[in-house]
Each structure stands twice: as structure tokens, then as C-alpha cells.
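Q: Pasted the sequence and its predicted model underneath.
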Amino acid sequence: MMMEMMEAMPETQTMGLDMAMMQECMEACSAVSMCATMCADADMGEGMGTCAAMCSNMADVATTTMRMMMRPTGYDRGVLTSMMTACMTMGEACAAECRTHAEMSEHCRICMMACDAMVEVMGKMMSTMSTTS
């Protein structure tokens with residue numbers, strides 16, 4: 001349904017972006033936002049304040065990035081690229097923090113994997129953006 005909606009948006013025809021890759025990025029952002037939100041909640045119960053804060057920030061950045069991707073009318077390649085870069089940077093930092101707890105905490109392991117997957121998908125999307133104009 002999301003792909004149908006994206007294809008129905010008139011602006012997407014002129015953006016020069018791979019809409020299937022854009023959908024994959026949005027899905028990865030959604031997944032990491034949910035995982036990071038739940039990991040932050042569990043972290044608070046376990047007294048891991050730094051990890052909880054990192055995960056909360058990750059969830060916010062991922063959600064904001066995803067929502068920007070959903071609004072092609074305001075598309076600006078430079079702004080979107082900057083936001084995606086910030087999301088990837090936050091994903092790398094969150095994954096690194098969760099990695100320190102992954103052996104003892106299943107929720108941190110899952111969040112780390114979601115962050116790593118999102119960073120990978122975003123990187124692929126950004127590489128297609130640089131080759132299409």
C-alpha cells in the first residue's frame with residue numbers, strides 16, 4: 001500500500017529517486033524507531049540511563065527522517081541528504097551503545113541490529129541519490 005501511495009504522489013515522478021529504495025528506508029526508520037523506543041523503556045527499568053537517552057534520540061531522529069521522506073512536496077535533495085546523514089550517524093552511535101550491552105540484554109541486541117540495518121539501507125539509498133539527479 002505504501003508503494004502505491006508513493007507512486008500516486010505527482011511529485012515522486014520528478015524527484016529522480018528510487019521509490020522502492022525510499023520505501024525500504026522508511027520501513028527501516030519505522031522499525032528502528034519502534035525498537036529504540038522499546039529498548040529505551042527497558043533500559044530505564046534496568047538503570048541504563050545513557051543507553052535509554054541514546055535510544056530515545058534514535059527513535060526521534062528516525063521518525064523525523066521517515067516523515068520527511070513521506071512528504072515529497074517539500075523535497076529538497078540537500079536537506080534530505082543532511083537528515084539521512086544525521087540519521088545514519090545517530091544509528092551508528094545508538095548501535096555502538098547498545099552493542100556494549102548486547103551480550104547481557106536481548107532488547108539492546110535487537111535494537112543494535114535494527115540500527116545497523118537502517119544505517120545500511122540509508123547508505124544504499126544515499127549512494128543512489130548521488131548518481132541520480
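A: In hand now; what should we look at? If you're wondering where the values come from, they're calculated on a predicted model, not measured in any experiment.
Q: Check the protein and tell me which residue is nearest its centre.
A: What sits nearest the mean C-alpha location of the chain, by Cα atoms, centre = their mean, is Cys29, with 3.1 Å.
Q: what packs against the helix or strand in which that one is found?
A: If you go by DSSP states H and E, Cys29 is part of helix 19-45. When contacts are defined as 3 or more Cβ pairs under 8 Å, 6 or more residues apart in numbering; DSSP states H and E, helix 19-45 packs onto helix 2-8, helix 49-69, helix 77-99, helix 106-131. For the C-beta atoms, the positions are set from N, CA and C on the backbone; glycine is no exception.
Q: for it, the distance to its chain's centre please.
A: 6 Å (Cα atoms, centre = their mean, to the nearest Å).
Q: Can you lay out the helices and strands packed on helix 19-45 as a markdown table showing mean neighbour count, mean pLDDT and distance to Met38?
A: Formatted as a markdown table, those follow (neighbours: other Cβ atoms under 10 Å; pLDDT from 0 to 100; distance: least, Cβ to Cβ, whole Å):
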| stretch | mean neighbour count | mean pLDDT | distance to Met38 |
| --- | --- | --- | --- |
| helix 2-8 | 11 | 69 | 22 |
| helix 49-69 | 20 | 96 | 8 |
| helix 77-99 | 18 | 95 | 12 |
| helix 106-131 | 19 | 92 | 7 |
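Q: Good, wrapping up.
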